[in-house]
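A.B. asks: For reference, the sequence and a predicted model appear below.
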Amino acid sequence: MRITRRLEFDAGHRIPNHASLCRHLHGHRYAIEVTVSGEVNTRSGDAEQGMVADFGSIKALMNKHVVEPWDHAFLAYAKDQEIIG
């Protein structure tokens, strides 16, 4: 069985040398989905009985490693000398 958890965050970026307005600093709302697969937990009395994984645990990991570091951050292209300097 598979379960999917989706979280969103906002971040800014630009596309250097692009002919459109995308060359200027602007932002987007990004969405990330993580899919976990496994067997349904059948251990009687277990807190996660009937689950593949706890959505709360997946959300906590995604928040720690993706959302918190990137939310309201600026995603810069490493060779964008105007931004990186």
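C.D. replies: Now that the structure is in, tell me what you want to look at.
A.B. asks: And the helices in the chain?
C.D. replies: With helices called from DSSP state H, the chain shows them at 55-62, 68-70, 81-84.
A.B. asks: Return stretch 21-39 as CSV; C-alpha atoms alone will do.
C.D. replies: Extracted in CSV, the C-alpha atoms of stretch 21-39 (Å, rounded to 0.1, in the frame of the first residue of the first chain):
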residue,chain,number,x,y,z
LEU,A,21,9.9,39.2,-16.5
CYS,A,22,11.1,35.9,-15.0
ARG,A,23,14.6,37.5,-15.0
HIS,A,24,13.5,39.6,-12.0
LEU,A,25,13.1,38.4,-8.5
HIS,A,26,9.7,36.9,-7.9
GLY,A,27,8.2,34.1,-5.9
HIS,A,28,6.0,31.0,-6.1
ARG,A,29,4.2,28.6,-3.9
TYR,A,30,5.9,25.2,-4.3
ALA,A,31,4.3,21.9,-3.4
ILE,A,32,6.2,18.7,-2.5
GLU,A,33,4.7,15.2,-2.2
VAL,A,34,6.3,12.3,-0.5
THR,A,35,5.0,8.8,-1.1
VAL,A,36,5.7,6.0,1.3
SER,A,37,5.0,2.4,0.6
GLY,A,38,4.9,-0.6,2.8
GLU,A,39,2.7,-3.1,4.5
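A.B. asks: For the residue sitting nearest the centre point of the chain, give me the pLDDT.
C.D. replies: Centroid check for the chain by C-alpha atoms, centre = their mean gives Ile32 as the closest residue, at 4.0 Å. On pLDDT, Ile32 comes in at 96.
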